[in-house]
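# Sequence first, then the predicted structure:
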Amino acid sequence: MSATFRLPTGGLIDRETTLRFTFDGRPMTGHRGDTLASALLANGVHGTGTGIRYGRPRGIVAAGSEDPTSLVQIEQPFPEPMLTATTVELYDGLVARGLSGQGRLASEPDPARYDAKHVHCDVLVVGAGPAGLVAALTAARGGARVVVVDEQTRAGGALLGTREYLDERPSAEWVAGIVAELRNTPGVLVLERTTAFGVYQDGFVLALQRRTDHLGFDAPADTARQRVWRIRAKQTVLATGAHERPVVFADNDRPGIMLAGSARTYLHRYGVLPGTRAVVFTTNDSAYTAAIDLARAGMDVAMVVDARPVAPGVLAARCHARDIEVRAGHAVTGTGGGDRVTDVRIAPMPGTDGTADTVDCDTLLVSGGWNPVVHLFSQARGRLRYDSGLGAFVPGGEPPAVGVAGSATGALDFASCVRQGRDAGRAAALAAGAAPAGEVVLPVSDTRTDAQPGLVLWRVPGEPAEGAPDTRFVDLQRDATVSDVLRATGAGLRSLEHVKRYTTIGTAHDQGKTSGTITAGLVAEALGTELSEQRPTTFRPPYTPVSFAALAGRDRGGLHDPARVTALHPWHVAHGALFEDVGQWKRPWYFPLPGEDMDAAVLRECRAAREGVALMDGSTLGKIDLRGRDAGSFLDMLYTNKMSALKVGGIRYGVMCGVDGMVIDDGTVIRLAEDRFLVTTTTGNAAMVLDWMEEWLQTEWPHLDVYATSVTEHWATIPLVGPRSRDVLAGLAPGLDAGNEAFGFMEWRDTVLDVGAGVPARVCRISFSGELAYEINVTAWHGLAVWEALMAVGERYGITPYGTETMHVLRAEKGYPIIGQETDATVTPQDLGMSWAVSKKKADFIGKRSFARAENNRPDRKQLVGLLPVDPDLRLPEGAQVVDTDRLPQPPVRMLGHVTSSYRSAALGRTFALAVVRSGRERVGETLHVPVGDDLVPVTVTESVFYDKEGARRDG
Amino acid sequence: MQLIPCPWCGPREETEFHYGGQAHVAYPEDPSALTDQEWAQYVFFRDNPSGPFAERWSHSAGCRRWFNAVRDTRTHDLLSVHRIGEPVPDLGEKDEVVS
Amino acid sequence: MTSPPARPPGAHLPDHPDFLWDDPEPKASYDVVIVGGGGHGLATAYYLAKVHGITNVAVLEKGWLAGGNMARNTTIIRSNYLWDESSGIYEHSLKLWEGLEEDLGYPILFDQRGVLNLAHSLQDVRDSVRRVNANRLNGIDAEWLDPQGVKEVCPIVDISQDVRYPVLGATYQPRAGIAKHDYVAWGYARAAHAMGVDLIQNCEVTGIGTAGGRVTAVETTRGRIAAGRVGLCAAGHSSVLAAMAGLRLPLASHPLQALVSELLEPVHPTVVMSNAVHVYVSQAHKGELVMGAGIDSYNGYGQRGSFHIIERQMSAALELFPVFARAHLLRTWAGIVDVSPDASPIVGLTPVEGLYLNCGWGTGGFKATPGVGDCFAHTIAHDKPHRFNEPFTLERFTTGALVDEHGAAAVAH
Amino acid sequence: MTADIGIRTSPLAAWTDRLAALEPALTAVERPFLTQLTVRVSDPVAVAGMGGALGVAFPAHPCTSTRGRGPFGDVEVLWLGPDEFLVVAAPDSSVPVEDALRTALRPARGVVVDTSAQRTTVALSGPHARDVLAHGCAVDLHPSVAPTGTCVQTLLARTGIILRVADAGSGAFTVLVRSSFAEYLAAWLSDACVEYRAALS
């Protein structure tokens, strides 16, 4: 079908390129440079969907992102819900349909890339209209680093929708000249298709750049489709323009009813006429220009209806010259039509003489004045002021480092706008420390606006006929009418926020860009208050909708969160390990052999550790080098036991509590020298413990001579475990006497491992399994070689790598708790049965005072115990609750505690569990019950140590 | 996202910092001499004003130094920052500054 | 042009009544003054009037009614808390929710669509199973679902195991759900007003008068109002108000952000929460996705948070729900949550006679609205806590009898 | 005893080819096994003495670094905090450099800790090095703000880094990253280059 409403010439479109697209199943064409809306209008299509509540036809109202109704669903090339047709750039192959309220998400994953980029500048200018361009150029000539962002596909702002001449040249030439100079100035970045959508503190502005959408199917897959610019500006100039405000009247929602300025934009920017015969309804001068321009372009403009008692002389005369009737003192009181407006009813304003009339037309252009776009200004914590002359909220007090220029201030004439741009640009450059700006010669426009003030008119007077539905729509997207507003105030509501919530006005896709001020006006009118007393509802980010994916950027999939890996990780991967996430770390969970399930693998790994030799990757344990004269006494404050008494060469286990006395971490402390310790932490708490130390050292005890340095990743740590571990170590450390006499339990030695070359190592005799064990520490660079050497030497002993699950089983057999598994921030060392690790001698340590509180001394605290299911084959679920009844009563059931760990033990030949149970230690020997599914399973309470209670095995 | 002026590194993005709550809450000289109520005050109770608040931050992703700051909790604006050991600012005067 | 849908989205939403409440001048004196006209304050006034016959009550609101956290929350209702104490009050609340529409005679769109709490690590799984078992023994509906079970409840959750933090399962509470926050507040307000309670807006409390250790009045921007008893229900400003009576609270007020998308065809039939990746999502009645995240780290009364929290939330949301990629963020906002050391509330008596405290709900306040309204009204009426708020004293921070609901402790080993 | 180079593995050993493939958009090369010593000291005399021992004065200002040549060859000293520095020297020199620093430190309060394997170093240069960093690093790296020698600890996407401006004019940087995060860094850099590589191909 041919584009019947496209003029043969004019507009900023590329007529050489024909783009095919489909809307609501109908194939059409347009040109590069079109929006979907302009292409639809060129094809004579105004209607884009239906209203959400009443199903009435709705169409294109505006030409930009403020459009309240032209909601479309993109179907091809990839489904995207709810965009306004006015913001969709046309591309070949676009398939879209009109929406009736809800968008549709794709069911398949979005293949597009999204990214973000930081940019810093002295001056950020938002909006590349005349004021913004002058501001940017002024700042740039002053040597400032400038970023200009503009929502449109090209700079020019409001000039794109006019046929103004600046300095006797078409305005586009003036725009192009400035943009060229900006682009050629080092340190200046001009971003089109980029919407600043949020202003935050300290000059932080977020802007969304649409980089490939307009390329449609041709969008390169490796280019980020959208980019969030994270702009940090010393100064920000907001030249965000103004949105035209409609007037509310009966049946004001029919397709064919548009904002007058937008119609002018469609004419000049896209070479499109909005229809064949127009009526213009206005309360101010600006719509006259639209009438005249459209008439000049060949449209039949039947009438300008001006609600003001007197029409502006010059403009009215120019209308008359084009046979456009001007009827002042009148208003549109209603419209006729179905899918398209067919006629308008006009009537004199109250107190004005005149006659009611009906005028046929297919287009009704409306202007109720202009609202400065103050969204970003308000987000920047700028104060707003109601301007009763404009009927709009305008900037009323600039926050620090923010300037406003152009029609965003409420200025209506070109000369003021560009002057403000120059002033704001200069002030911003100076404030940012740039050199005083060179003078920018302000352009002079050929278009003069008459100075006749506009009339502030929220709605045309008159009420719907008795019993007839109200069709005076305030929020066209939410289908909320004047009656809805009045019902809200009638229900007792006084706050605009309440009215908004009662009526849902302003909560839709457009967030009330065209309806907000009108609603405030209607509420003030209804309550008999001044609008200046009303606080407008808060402008919140984003200014226009932003896709979730753009905000997520590249932090997706593998980059969603770093996976921390050890130096041995490649070996684990190559040997089929399954991994457990522990914090950000990837830890081998178990190493199944072909055909093994987890239970079989873990039983095998456990058996190797208890009967032969096994090794694991312990590199993720946190390691902190602690040095200084006061290191010992500092550790005495952090740990519950006395670390300063530890001898050089010795190792001690320690528990760490918060000030509330609850266990927060545990680990071993190695004394390397009088003034030097190496502290280990649990994997997940390494950063927390280092921070904890720094906090005390820096903020509480800065006089202490102690320095804490993280060396977690400097070391690879390999526990070598089992009765044959000594043999394996001997094969690798010929210089080390690893016998019990020479190298006792809880001691460490430095040695050199022979792995082809010599590798310095520190070996610690500690055991988290109860078996003879040596923890081998080498620099991470040597970790892999040492691990492989251990595997080679240990081969004849059946050396077996094991993962965290086996580690858990082995330690549980010995009753060793895992912080975060047996504990949950409500557990004290005493609860864990670790009073032996709590010093009675030390005057103080962190947490000690809390032990004296009433709650800590209750006899029925939960204590760590063992549980043996009476059925030795039954493995209790971890997290199961423990009760002291063999028949469950009606809830609530008294719970004694819960199962914290539960395993099948190769060494015990049965299942076993650890649990925290009220008065647990007193209950040893008792039979309690654990609800498992619908059963109550009997269990015997035991000590928490199940295996080798005498500790005989640790010496081999 | 706001900038926090590290007294050593200068203004950096908030994400580089760790918040430490109220500043100048000293660890008691002798906790064992305190009543349960007094100890609870130290452990759990902190000022929570709407307005200028002397608080602690750590430049955890930067120089790892703790420092003190006065921030207006109504606006989140940092009013001043102080290295550890520098004198405690008078919040009363600051209140007028921000009004 | 598309034809209008057979049943437009939101068509099933009820209309509001023609009358809600008056805007009276404050009287010189009330038996009870409730400070804070949010959900908790309004509910307390309602139950004071309805259950205890105390109607000479004023609810003072410094801004517009229910304009604080009540207007800003993500409306999740559940009772699947770990400890008996929390189970008690939240389940009491959930039971009241189940009859609330009828009770108030106001549609509140209470929708028991269930809540999934996802587990992403082995310790998450242990903690989740522990909570499910505790819930069941406390008479609260709770299930543990494996990943396939999660998929059956919410088909759009990505349960593939090769992602950064795979879904290992979830707890599921079928009776949990959502309600429409404004309607809840307005339902309480309307009913309280109908029973004679004065709802006074734009009335900020600037001081609390006491004499002989007993509360006597509140000073407000609209003058002094004498009060026999005063209940504080001003989430977000509890510390500031309590300080007026010389009370120091163990609270920190933090920004908490939330956001909403455009209206979308139904894709998300339940509520999904994931503490590990910090996101919670539901699809509201009209079709918008409503999401919240973790709190901002610092104290703040500014009702604004930092955008990186939103960005991280989006990254987390898309890991769980890849289909959300091209949904659009329409609006972000922030409330102020009063966070207590054990993540449990403080509800009860204070050292000042006649002054009662209801605060510290953190992010959990909305779901507790009917329950705490009932219990707090009881506390005020009898000068004695209801059994369900008895554990939530201020004294617990001295004795150490905390109710720690932080959930899983830090991951270790 | 000095360890043999042949049995060492650096954190990004497996990434050598993948990083090389980013050329010419980005030159990203791991500099493995460098000697890295964390120095904590605040006494100015000791600081001067340590600088003297290395033949390189320690940086006097926050967020800067120094480099020079002395008895231990090329040495860089990075400011990490008001009493914290990272001394970076050639591979296999940790023992003598540590000894020299410790000697120079005495009798002042402070420590020298070998942290050589705690981090690895990636050198970035090429036409898009600054662009690539700007995708994940919020610090302003414009030459006027971050001249050669600038050294900051900051975040790059979701990992902490030490970022040193090696040559502001040509846009060359060194990034030091915790070893466990090195693969994440490499993956992130590779992904950040996708668009620049496409533009150049």
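Perfect, I can see it now.

# Could you list the low-confidence segments of chain A?
Where chain A drops to pLDDT under 70, the residues are A:1-3, A:436-438, A:449-450.

# what residue lies at the spatial centre of it?
Nearest to the mean C-alpha position of chain A, counting by Cα atoms, centre = their mean, stands A:Leu551 at 5.4 Å.

# distance of it from C:Ser282?
A:Leu551 sits 19 Å away from C:Ser282, going by Cβ to Cβ, to the nearest Å. All C-beta spots, glycine's among them, are computed from the backbone N, C-alpha and C.

# circling back to that earlier point, my guess is the residue nearest to the centre of chain A is in a helix, correct?
Yes - looking at A:Leu551 with DSSP: H, G, I helix; E, B strand; the rest coil, it is inside a helix.

# residues touching it, list them.
Going by Cβ atoms under 8 Å, 6 or more residues apart in numbering or on different chains, A:Leu551 touches A:228, C:310-311, C:314-315, C:329.

# what about burial for the residues you listed, which qualify?
Burial by neighbour count, 16 or more other Cβ atoms under 10 Å in any protein chain shown: within those this picks out A:228, C:310-311, C:314-315, C:329.

# for those, which one is nearest chain D?
Comparing the buried ones among the contacts of A:Leu551 against chain D with Cβ to the nearest Cβ places C:Ser315 closest, at 9.5 Å.

# Wait, the closest one touches A:Gly553, no?
Yes - contact criterion Cβ atoms under 8 Å: C:Ser315 and A:Gly553 qualify, at 7.3 Å.

# Could you find the closest non-adjacent residue to whatever residue of the stretch 1-150 of chain A ends up closest to chain D?
The stretch 1-150 of chain A approaches chain D most closely through A:His120 (4.0 Å), counting by Cβ to the nearest Cβ. Closest residue to A:His120 apart from its sequence neighbours, by Cβ to Cβ, 6 or more residues apart in numbering or on different chains: D:Asp140 at 4.0 Å.

# Relative to B:Ala69, how far out is the nearest residue to C:Leu116 once chain neighbours are set aside?
Leaving aside its chain neighbours, C:Leu116 sits nearest to C:Ala170 (4.3 Å; criterion: Cβ to Cβ, 6+ apart). Relative to B:Ala69, C:Ala170 is positioned 40 Å away (Cβ to Cβ).

# Between those two, tell me which one has more neighbours.
Ranked by neighbour count (other Cβ atoms under 10 Å in any protein chain shown), C:Ala170 and B:Ala69 place C:Ala170 first, with 29 against 24.

# Name the helix or strand for that one, please.
strand C:169-173 (DSSP states H and E).

# For that strand, which strands pair with it and how are they oriented?
Strand C:169-173 has the following sheet partners, assigned by DSSP bridges: strand C:115-119 (antiparallel), strand C:143-145 (antiparallel).

# after the first one, next one along is what?
For strand C:115-119, the following helix or strand on the C-terminal side (DSSP H and E) is helix C:122-137.

# Which strands or helices does that following helix pack on?
strand A:881-882, strand A:897-905, strand A:927-932, helix C:84-104, strand C:115-119, strand C:143-145, strand C:169-173 (3 or more Cβ pairs under 8 Å, 6 or more residues apart in numbering or on different chains; DSSP states H and E).

# how about those, which one is nearest B:Arg46?
helix C:84-104 (23.2 Å; Cβ to Cβ).

# check contacts around residue 7.
Defaulting to chain A. A:267, A:271-273, A:297-298.

# should've been chain D
So D:Ile7 contacts A:755-757, A:759, A:782, A:785 (Cβ under 8 Å, 6+ apart).

# Contacting chain D as well, which ones from the residues you listed?
Applying Cβ under 8 Å from any Cβ of the partner chain to these, one finds that A:755-757, A:759, A:782, A:785 fall near chain D.

# Mind giving me the ChimeraX select for these, buried ones only?
Burial among the ones next to chain D among the contacts of D:Ile7 is assessed by 16+ other Cβ under 10 Å; the matching ChimeraX selection reads:
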select /A:755,757,759,782,785
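
# Any part of the helix-or-strand element of chain C with minimal mean pLDDT near chain B?
In chain C, the helix or strand scored least confidently by mean pLDDT, DSSP states H and E is strand C:288-295, which has a mean of 90. No - using Cβ under 8 Å from any Cβ, strand C:288-295 never reaches chain B; the gap is at least 10.8 Å.

# just stretch C:244-255 next, same as before
Yes - counting by Cβ under 8 Å from any Cβ, chain B is contacted by stretch C:244-255 at C:248-253.

# Quickly name whichever of the contacts of A:Leu551 is closest to D:Phe33.
Checking the contacts of A:Leu551 against D:Phe33 with Cβ to Cβ, the nearest one is C:Ser315 at 34.6 Å.

# if we can go back for a sec, any idea how far the residue nearest to A:His120 is from B:Gly51?
Separation of D:Asp140 from B:Gly51 (Cβ to Cβ): 32 Å.

# circling back to that earlier point, show me which of the contacts of A:Leu551 neighbour chain D.
Counting by Cβ under 8 Å from any Cβ, the subset of those that neighbours chain D is empty.

# So which of those residues is the closest to D:Arg8?
Nearest to D:Arg8 out of the contacts of A:Leu551 is C:Ser315 (Cβ to Cβ; 35.8 Å).

# The closest one: which element?
According to DSSP H and E, C:Ser315 maps onto helix C:307-320.

# Who are the packing partners of that helix?
Looks like helix C:307-320 contacts helix A:548-552, strand C:252-263, strand C:271-274, strand C:279-283, strand C:288-295, strand C:328-339 (3+ Cβ pairs under 8 Å, 6+ apart).

# Columns distance to B:Gly20 on top of those, output as JSON lines?
Conversion of the helices and strands packed on helix C:307-320 to JSON lines gives the following (distance: least, Cβ to Cβ, whole Å):
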{"stretch": "helix A:548-552", "distance to B:Gly20": "29"}
{"stretch": "strand C:252-263", "distance to B:Gly20": "11"}
{"stretch": "strand C:271-274", "distance to B:Gly20": "27"}
{"stretch": "strand C:279-283", "distance to B:Gly20": "26"}
{"stretch": "strand C:288-295", "distance to B:Gly20": "16"}
{"stretch": "strand C:328-339", "distance to B:Gly20": "15"}
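
# Quick one: closest of the ones you listed to A:Phe393.
Using Cβ to Cβ, these put strand C:328-339 closest to A:Phe393, at 18.5 Å.

# any idea how far the most far-flung residue of chain D relative to its centre lies from chain A?
Within chain D, D:Ser201 marks the point farthest from the mean C-alpha position, 30.6 Å out by Cα atoms, centre = their mean. The gap separating D:Ser201 from chain A is 9 Å, by Cβ to the nearest Cβ, to the nearest Å.

# do the same with C:Val51
The value you get for C:Val51 to chain A, if Cβ to the nearest Cβ is used, is 23 Å.

# was I right about that residue contacting C:Gly373?
No - counting by Cβ under 8 Å, C:Val51 sits too far from C:Gly373 to count as a contact (9.8 Å).

# In contact with residue 40, which residues?
No chain specified, so I'll use chain A. A:23, A:28, A:46, A:48, A:60, A:85.

# could you do chain D instead?
So D:Arg40 contacts A:707, A:709, D:83-84, D:110-113 (Cβ under 8 Å, 6+ apart).

# Spatially nearest residue to the most centrally placed residue in chain D (excluding sequence neighbours)?
Against the mean C-alpha coordinate of chain D, by Cα atoms, centre = their mean, the closest residue is D:Leu176 at 4.4 Å. Leaving aside its chain neighbours, D:Leu176 sits nearest to D:Ile162 (4.0 Å; criterion: Cβ to Cβ, 6+ apart).

# so what pLDDT did that neighbour get?
What the model reports for D:Ile162 is a pLDDT of 98.

# Sticking with it, tell me its helix or strand.
Assigned by DSSP H and E, D:Ile162 falls in strand D:159-167.

# picking up where we left off before, show me which of the buried ones among the contacts of A:Leu551 is closest to C:Pro341.
Nearest to C:Pro341, judged by Cβ to Cβ, of the buried ones among the contacts of A:Leu551 is C:Ile310 at 26.9 Å.
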